[in-house]
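>>> Kindly generate the corresponding structure for this input.
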Amino acid sequence: KASSPTTQVDLSIPDEETAELQCDEVQALEAIFPEEIKLISASSEVDGKIKYEHPIIYHVKLLPNDEEDVFSAKTRWPVHPLTLKVRYPHNYPLEVIPDFQLMHEN
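Numbers count the residues shown, from 1 in each chain. All right, here's what the predicted structure looks like:
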């Protein structure tokens, strides 16, 4: 029996529909939280649309509810900044949730 050649799929790159959902989400987050979101993945504009390098990775700067709480003895907020690293797997959002990593500067 002859075996048919197998096609290898690059699991780091989402299909077109998933990629569009991911791009739309990142653009919405950047519009809502312009100071807190820092895109790590490269991006470019192609035919008037922003395209992102996959996997999409960005950092979210976590801030206390009230800036004065940072200096209050009552707060438990860390003195050094906290950042949430978010990475979109190739099958997010249709099958899985993003990968999250909490980062703390010392």
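
>>> ranges for the helices of the protein?
Listed in chain order, the helices of the chain (DSSP state H) span 16-32.

>>> Remind me what the lowest-mean-pLDDT helix or strand in it packs against, helices and strands.
Among the helices and strands of the chain, strand 49-52 carries the lowest confidence by mean pLDDT, DSSP states H and E, at a mean of 88. If you count contacts as 3 or more C-beta pairs under 8 Å, 6 or more residues apart in numbering; DSSP states H and E, strand 49-52 packs onto helix 16-32, strand 43-46. Bear in mind the C-beta positions are built from the backbone N, C-alpha and C, glycine included.

>>> just so I know, which of these lies nearest Glu105?
Ranking these by proximity to Glu105 (C-beta to C-beta) places helix 16-32 first, at 21.8 Å.

>>> Show me which parts of that closest one are buried, residue by residue.
Neighbour-count burial for helix 16-32 flags 18-19, 22-23, 26, 29 (criterion: 16 or more other C-beta atoms under 10 Å).

>>> sorry, back to before: pull the CA atoms of the least confident helix or strand of the chain into CSV?
The C-alpha trace of strand 49-52 is given here as CSV (Å, rounded to 0.1, in the frame of the first residue of the first chain):
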residue,chain,number,x,y,z
LYS,A,49,-4.9,46.3,7.7
ILE,A,50,-2.6,45.7,10.6
LYS,A,51,-0.9,42.3,10.5
TYR,A,52,0.8,40.8,13.6
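
>>> got the buried residues of helix 16-32 as JSON lines, with pLDDT columns?
Output for the buried residues of helix 16-32, formatted as JSON lines (pLDDT from 0 to 100):
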{"residue": "Thr18", "pLDDT": "94"}
{"residue": "Ala19", "pLDDT": "93"}
{"residue": "Gln22", "pLDDT": "96"}
{"residue": "Cys23", "pLDDT": "94"}
{"residue": "Val26", "pLDDT": "96"}
{"residue": "Leu29", "pLDDT": "96"}
